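Asks: Turn this into a model:
(2 chains)
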Amino acid sequence: MQEYKRIDISKDQVVPVAERMRREGRYLVMIHGFINNDGQMDVSYDYAVDPAIESYHVVGETVLPSIGAIYDTAATWPERELNELFAVEFEGLDTSKRLFLPEDMLETQGKGQIMVMPLSELVEKNLGGDGK
Amino acid sequence: MSYIVPIGPYHPALEEPIHAKLYTEGEVIKDAEVFVGYNHRGIEKLATERNAIQTLVLVERVCGICSHSHAFTYAMCVENINGVEVPKRGQYIRVITAELERLHSHFLWLGIACHIIGHDSMFMHIWDERELVMDLLEKMTGNRVNYAMITIGGARRDIDDDLRRELLSACQKLKGPLDRIAEIALTDKTIAMRTKGVGVLTREDAIRMGAVGPHARASGVAIDVRKDAPYSSYEDFDFKVHTVDSGDVFARVLVRVLECYESIKIIRQALENLPEGPINLGNKLPKIKEGQAVCRHEAPRGQLSHMVVGDGGFNNHRVSVHVPSYKNTPTIPHMLRGNTVADAGLIIASIDPCFSCLDR
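Replies: Below you'll find the predicted structure:
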């Protein structure tokens, strides 16, 4: 079974942790995000400290520093995705172009709707009440 | 003369939709951009309204090539959250399916690469040999694409003694065709001229951009989840992680050919030492305990990771799927620079991209 270690950190520790991981030659597996049961944004930075995953969580923050200067596209792509799906802002990140969501959806619905809004409401908003 | 050359999102040289903009001086690519998201199906969103068994069916449909890999990785996450240990025989069957999937994926890619190069007889030859692997998958799982071999807590179908013997003999039969493919792929002048020194990604750039799988290994980065963080009994098997230093398209061909031999080796060991016992823990629909897990699997194209959050109910609170093409696609502009427009299709294809996986 692959080991998963959760470590909670503050927003200020995101960059120092990324710098330390880069120095140690650790691989950034992914940056994930979800809304927890308390309704707070939970962003996790998962590093491969083989054979385990060390997952550094920042809870309750919707503005975070970008680690793109440290991990290049391995960080900027997931940061851009989290910006589209959850409207998390990453300071210093270029979000002028869309990544996964269609431009018209971003224009009409705004960022952050797709993962936050219940599926039934999302369908209604997109397709009208009857889902057609 | 400067041009902007658009490729895709729908283009004969691309099997799946991606849009690339090439900024050229004459025929030489000076810069490039890639745009994705033409296949976004909202799978992660759908997963939040499904239970664990329904999600296995859903995530298998993220991709038509590495479908088993998605179900495998998702199941590992739920098993980790619930603290469930898969029976050893179930682990081995998962590995056998995964390695057959790697074989068919690498054969498929080698064929497509030959097609783009213009070596169509080789393309047809490789795909003909690939049928042997597809037949084995069909025989073992009942399906050619979505195998449905995974359940939470193990495998869904057993391998009986007859099938075991048949699979072992097929492994022996596969070696001959693979030797022939390897000989042609690695010695043919046309293939060498179209691939050597083309689309180079250096070791430093591969590490900096977080490339994974055969793409990273072809740039000399020895990264492979099966060795770095063994799971599902991979530590029981003797196999090598092959790396090549040149970082060009030829290196990507070479690494994938060598990996086919390793997959056959793993399948043989798993079949010869298939443990006795149950293949799963039963068919009861599991609740997903409150908790979170990230699991990694070495899919044919590289490291695949799933993140699952459970809240104690039957449905997922969140599923996040991150595929090898997520890490490898951003390296495309870097590899295109300095090459000619004629090589763009081959360079894009050389990472073995899967945009269905990437977009989800």
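Asks: Could you count how many residues lie near the closest residue to chain B within chain A?
Replies: Chain A approaches chain B most closely through A:A74 (2.9 Å), counting by Cβ to the nearest Cβ. C-betas here are computed from N, CA, C, even on glycine. By other Cβ atoms under 10 Å in any protein chain shown, the residues close to A:A74 number 24.
Asks: Close to chain A: what parts of the stretch 151-300 of chain B are there?
Replies: For the stretch 151-300 of chain B, the contact set with chain A under Cβ under 8 Å from any Cβ of the partner chain comprises B:207-210, B:223, B:228-231, B:292-296.
Asks: And for A:V15, the neighbour number?
Replies: By other Cβ under 10 Å, 15 other residues sit near A:V15.
Asks: before we move on, back to that, surely the residue of chain A closest to chain B is in contact with B:I207?
Replies: No. Between A:A74 and B:I207 there is no contact, the gap being 9.6 Å when judged by Cβ atoms under 8 Å.
Asks: circling back to that earlier point, among the residues of the stretch 151-300 of chain B next to chain A, who's most crowded?
Replies: B:R296 (28 neighbours).
Asks: helices and strands around the lengthiest helix in chain A, which ones?
Replies: Looking across chain A with DSSP state H, the single longest helix is helix A:68-86. On a contact count with 3 or more Cβ pairs under 8 Å, 6 or more residues apart in numbering or on different chains; DSSP states H and E, helix A:68-86 meets helix A:14-23, strand A:27-35, strand A:89-91, helix A:113-116, helix B:203-209, helix B:324-328.
Asks: Is any residue of the third one near chain B?
Replies: No. Legend: contact between strand A:89-91 and chain B by Cβ under 8 Å from any Cβ is lacking; minimum distance shown is 15.9 Å.
Asks: Paired strands for that strand, with orientation please.
Replies: Strand A:89-91 has the following sheet partners, assigned by DSSP bridges: strand A:63-65 (parallel).
Asks: picking up where we left off before, among the helices and strands packed on helix A:68-86, which gets the worst mean confidence?
Replies: Ranked by mean pLDDT, these end with helix A:113-116 in last place, scoring a mean of 62.
Asks: related to what we said a few turns ago, how distant is the longest helix of chain A from the center of its chain?
Replies: Here helix A:68-86 is found 7 Å from its chain centre; the criterion is Cα atoms, centre = their mean, to the nearest Å.
Asks: can I get the helices and strands packed on helix A:68-86 in a markdown table with distance to B:W109?
Replies: What follows is the helices and strands packed on helix A:68-86, written out as a markdown table (distance: least, Cβ to Cβ, whole Å):
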| stretch | distance to B:W109 |
| --- | --- |
| helix A:14-23 | 31 |
| strand A:27-35 | 23 |
| strand A:89-91 | 34 |
| helix A:113-116 | 32 |
| helix B:203-209 | 18 |
| helix B:324-328 | 12 |
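Asks: among those, which is nearest B:E272?
Replies: B:E272 lies closest to helix B:324-328 among those, at 29.5 Å (Cβ to Cβ).
Asks: Which secondary structure elements does that closest one sit against?
Replies: helix A:68-86, helix B:213-217, strand B:302-310, helix B:355-359.
Asks: before we move on, back to that, relative to B:Q303, which of the residues of the stretch 151-300 of chain B next to chain A is nearest.
Replies: B:R296 (5.5 Å).
Asks: Could you tell me which helix of chain B is the longest one?
Replies: helix B:88-117.
Asks: and the host helix or strand of B:D135, which residues are buried?
Replies: Assigned by DSSP states H and E, B:D135 belongs to helix B:120-141. When neighbours are counted by 16 or more other Cβ atoms under 10 Å in any protein chain shown, the buried residues of helix B:120-141 are found to be B:122-123, B:125-127, B:129-130, B:133-134, B:136-137, B:140-141.
Asks: same check, this time on stretch A:67-74
Replies: Buried residues in stretch A:67-74, counted by 16+ other Cβ under 10 Å: A:67-68, A:70-74.
Asks: possible to save those as a markdown table with distance to A:D50?
Replies: Shown next, in a markdown table, are the buried residues of stretch A:67-74 (distance: Cβ to Cβ, whole Å):
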| residue | distance to A:D50 |
| --- | --- |
| A:I67 | 20 |
| A:G68 | 24 |
| A:I70 | 19 |
| A:Y71 | 17 |
| A:D72 | 21 |
| A:T73 | 22 |
| A:A74 | 16 |
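Asks: list the contacts for the spatially closest residue to B:Y92 that is not a sequence neighbour?
Replies: In space, B:Y92 comes closest to B:A270 once its chain neighbours are excluded; the distance is 4.8 Å by Cβ to Cβ, 6 or more residues apart in numbering or on different chains. If a contact means Cβ atoms under 8 Å, 6 or more residues apart in numbering or on different chains, then B:A270 has B:92, B:95-96, B:99, B:237 as its contacts.
Asks: what secondary structure does B:A270 sit in?
Replies: Taking DSSP: H, G, I helix; E, B strand; the rest coil as the rule, one finds B:A270 in the helix state.
Asks: got it, and A:D94?
Replies: Put simply, A:D94 is coil when judged by three-state DSSP.
Asks: burial of it, as a residue count?
Replies: 11.
Asks: For the residue nearest the centre of chain A, report the pLDDT, please.
Replies: Geometric centre of chain A, nearest residue: A:L82, 3.6 Å, by Cα atoms, centre = their mean. We have a pLDDT of 90 for A:L82.
Asks: Same question for A:G128.
Replies: Predicted confidence (pLDDT) for A:G128: 59.
Asks: same question, A:M105
Replies: Reported pLDDT for A:M105: 66.
Asks: so what's the residue of chain B found nearest chain A up against?
Replies: At 2.9 Å from chain A, B:G210 is the closest residue in chain B, using Cβ to the nearest Cβ. Contact partners of B:G210, counting by Cβ under 8 Å, 6+ apart, are A:27-28, A:71-74, B:327.
Asks: Next: B:M134.
Replies: Here B:M134 is in contact with B:104, B:144 (Cβ under 8 Å, 6+ apart).
Asks: State the distance from the closest residue to B:L110 other than its chain neighbours to B:H115.
Replies: Excluding the flanking residues, the one nearest B:L110 by Cβ to Cβ, 6+ apart is B:I126, at 5.1 Å. Distance, B:I126 to B:H115, by Cβ to Cβ, to the nearest Å: 9 Å.
Asks: so what sits against both of those two?
Replies: With Cβ under 8 Å, 6+ apart as the test, B:I126 and B:H115 reach no residue in common.
Asks: tell me the pLDDT at residue 122?
Replies: Because you didn't say which chain, this covers chain A. Value for A:L122, per-residue pLDDT: 66.
Asks: let's do chain B instead
Replies: For B:M122, the pLDDT comes out at 89.
Asks: ok, it - contacts?
Replies: By Cβ under 8 Å, 6+ apart, the neighbours of B:M122 are B:111, B:114, B:184-185, B:188, B:191.
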